[in-house]
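Participant: Sequence and predicted structure below; questions after.
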Amino acid sequence: MASAVTKKTTQAARRRTRKRAGRRRVLLLVHEDLVPPENRAELTDEQIHEFRTETDVLDGLTEHGHDVHVLGVSDELFPLREAIEQFKPHVVFNLLEEFHGQSVYDYHVVSYLELKRAPCTGCNSRGLMLARDKALSKKILHYHRIRVPRFVVFRRGRRAIRLPKGLGFPVIVKSLVEEASYGIAQASVVHDDAALVERVRFIHESLHTDAIVEQFIEGRELYSAVLGNQRLTVFPTWELKLEGLPDDAVKIATRKVKWDLKYQKKYSIEDGPAELPLALADKVARVSRRIARRLGLDGYMRIDFRLDAEGELWFLEANPNPDIAYDYEFANAAHASGLSYEELLDRVIALGIRRGA
């Protein structure tokens, strides 16, 4: 996605930073279909975009002087065990978002790394599990008096699909466990019973997951990037700018909005610093820390909010291990705080090693 912040680190600054940083053996763990190819010169922008994060992290770590070994994993843990024993990494940089074709298995791989006492970047397995279930995370946060939309969960196989009392239209229908706007489109916001049934069945049959149906909050899409284990640093609040969408379109982060380069260009979709009053910016940071601690998140995470017309902040979801590509929301927000991309990656590595110690 086009960045509202231009981020160019000078070669001199990179050399100074690299000199300060310790050289580490880093095992870069990715899905086997997303191993960056050695020769990228002949690839199109769309092809490179498919493994943009993996490529950016690999290049950033290498540029910073680390010894990086890339391991692609799909449905077998033996290659991971073998790589740990042979390469003996100081840290596993975890970019794996699914295992055996199931996104909900991501925290099992982290559990395995924890059992192996192999330090890894990103969130611990318990935090991943709590955040993955959108209903469970909302229940926990509601208990701690953090504002969340009203919601109901429709499990796969359930025949009766209707809203309970207290939850009225419009609502937005999502997968209970999928991330990265997977399954979210303009049709996800529904206004009547027939559309509700159709969209819930779409989630059940196409994504093969349970569906969560939430009160739709009209407003601005805010992202809060958080870095740390016990001590949490909150970077400046970022906003997904959706003003360029057609007038009759619902202003939400659909799959096309998040990942389709041509769609982004056509409708001038970009992310950038959120212009917020100081008191509200402080509230976003304070609430983000509370959410991270209540859900047991650590490493690096992104908390997604909606800001309604009355200035009320609504929690949407927590994203441990969010996209950390060079010019995506998390890295942009970090850069706005003065961190170069290579310095950010080094911080992520240091947090993983510290937690595994």
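Facilitator: It's in.
Participant: Give the helix, strand or coil label for the residue most central in space within the chain.
Facilitator: Centroid-nearest residue in the chain: residue 322, 2.5 Å away (criterion: C-alpha atoms, centre = their mean). Following DSSP: H, G, I helix; E, B strand; the rest coil, residue 322 is assigned to coil.
Participant: list the contacts for it?
Facilitator: Residues in contact with residue 322, defined by C-beta atoms under 8 Å, 6 or more residues apart in numbering, are 225, 300, 301, 302, 329, 330. C-beta: built from backbone N, CA, C; applies to glycine.
Participant: my read is the second one is in a strand, agree?
Facilitator: In this case it means residue 300. Yes. The assignment for residue 300, made by three-state DSSP, places it in a strand.
Participant: any idea how far the residue nearest to the centre of the chain lies from residue 70?
Facilitator: Separation of residue 322 from residue 70 (C-beta to C-beta, to the nearest Å) stands at 20 Å.
Participant: on that earlier part again, so how do I select the buried members of the contacts of residue 322 in PyMOL?
Facilitator: The following PyMOL line selects those of the contacts of residue 322 that are buried, judged by 16 or more other C-beta atoms under 10 Å:
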select buried, resi 225+300+301+302+329+330
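Participant: so which of the contacts of residue 322 comes closest to residue 91?
Facilitator: Closest to residue 91 out of the contacts of residue 322 is residue 300 (13.5 Å), distances taken as C-beta to C-beta.
Participant: Surely that closest one and residue 321 touch.
Facilitator: Yes. At 7.1 Å, residue 300 counts as touching residue 321 under the criterion of C-beta atoms under 8 Å.
Participant: picking up where we left off before, look up phi and psi at the residue nearest to the centre of the chain.
Facilitator: phi -70, psi 170 (degrees, to the nearest 10).
Participant: likewise the one 10 residues further on?
Facilitator: Comment: the main-chain dihedrals of residue 332 come out as phi -60, psi -40, following degrees, to the nearest 10.
Participant: give the contact list for residue 259.
Facilitator: With the criterion set at C-beta under 8 Å, 6+ apart, residue 259 makes contact with 49, 180, 181.
Participant: Please report how far it lies from residue 328.
Facilitator: Relative to residue 328, residue 259 is positioned 11 Å away (C-beta to C-beta).
Participant: shared neighbours, residue 300 and residue 321?
Facilitator: Residues touching both residue 300 and residue 321 (C-beta under 8 Å, 6+ apart) are 122, 123.
Participant: is it true that residue 55 touches residue 35?
Facilitator: No. Look at residue 55 against residue 35 with C-beta under 8 Å: they stay out of range, at 9.9 Å.
Participant: Compare the two (neighbour count), which wins?
Facilitator: residue 55 (21 against 17; other C-beta atoms under 10 Å).
Participant: ok, that one - contacts?
Facilitator: Residue 55 touches 36, 40, 48, counting by C-beta under 8 Å, 6+ apart.
Participant: Look up which helix or strand the residue nearest to the last one when sequence neighbours are not counted falls in, please.
Facilitator: So the one you mean is residue 48. Distance criterion C-beta to C-beta, 6 or more residues apart in numbering; nearest residue to residue 48, sequence neighbours excluded, is residue 40 at 6.2 Å. Residue 40 belongs to no helix or strand when assigned by DSSP states H and E.
Participant: residues near residue 40, how many?
Facilitator: Residue 40, neighbours per other C-beta under 10 Å, totals 12.
Participant: What separation do you get for it and residue 56?
Facilitator: Residue 40 is 12 Å from residue 56, by C-beta to C-beta.
Participant: cool, residue 288 as well?
Facilitator: According to C-beta to C-beta, residue 288 and residue 56 sit 24 Å apart.
Participant: More neighbours: these two, which one.
Facilitator: Set residue 288 next to residue 56 and count neighbours by other C-beta under 10 Å: residue 288 wins out with 27 against 20.
Participant: Quickly list the domain ranges of the protein.
Facilitator: Domain segmentation of the chain under automatic domain parsing yields 11-121, 131-148+219-320, 151-215.
Participant: Confidence-wise, which of those domains is weakest overall?
Facilitator: Across the domains of the chain, domain 11-121 has the smallest mean pLDDT, namely a mean of 88.
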